[in-house]
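Enquirer: Sequence unavailable; structure follows:
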């Protein structure tokens with residue numbers, strides 16, 4: 001039971017911290033969120049997906065910077 005509570009609290013903290021980062025920095029990328037907050041890629045991706053589904057943030061079209069996959073921006 002204690003592990004569940006600790007994991008639930010950690011999840012709430014990561015959600016709160018990632019959302020606060022997006023609000024504070026405005027236009028950003030998932031990669032920048034991950035790099036600056038030190039959360040795992042899966043945590044960042046999960047939180048951003050929830051925020052997108054709730055309409056709290058929007059995601060822009062991918063911007064191609066040279067070769068490879070483009071980078072989309074997250075905007076509060």
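Expert: Now that the structure is in, tell me what you want to look at. Given the structure is predicted, the values throughout are model-derived calculations rather than measurements. Numbers count the residues shown, from 1 in each chain.
Enquirer: can you pull out the helices in the protein?
Expert: Per DSSP state H, the chain carries helices over the ranges 2-25, 30-37, 41-54.
Enquirer: Not counting the shortest one itself, show me its contacts.
Expert: This means helix 30-37. Helix 30-37 is touched from outside by 17-18, 21-22, 25, 39-41, 44-45, 48, 71-72, 74, with contacts defined as CB atoms under 8 Å, 6 or more residues apart in numbering. Every residue, glycine included, has its C-beta placed from N, CA and C.
Enquirer: Residue 50 touches residue 14, doesn't it?
Expert: No - using CB atoms under 8 Å, residue 50 is not in contact with residue 14, being 11.0 Å away.
Enquirer: Just want to know which of these two has more residues nearby.
Expert: Between residue 50 and residue 14, counted using other CB atoms under 10 Å, residue 14 has the larger neighbour count: 17 against 14.
Enquirer: now that one: how far from residue 70?
Expert: Distance of residue 14 to residue 70, computed by CB to CB, to the nearest Å: 26 Å.
Enquirer: need the contact list for the residue nearest to residue 43 when sequence neighbours are not counted.
Expert: Counting by CB to CB, 6 or more residues apart in numbering, residue 43 lies nearest to residue 14, which is 5.2 Å off, once chain neighbours are set aside. Taking CB under 8 Å, 6+ apart as the criterion, residue 14 is in contact with 39, 43, 47.
Enquirer: and the gap between residue 14 and residue 60?
Expert: 23 Å.
Enquirer: now do residue 10
Expert: 29 Å.
Enquirer: Over to residue 53?
Expert: Look at residue 53 and residue 60: by CB to CB, they are 17 Å apart.
Enquirer: Show me which of these two is the more surrounded one.
Expert: residue 60 (13 against 9).
Enquirer: Now do the phi/psi pair for that one.
Expert: phi -80, psi 170 (degrees, to the nearest 10).
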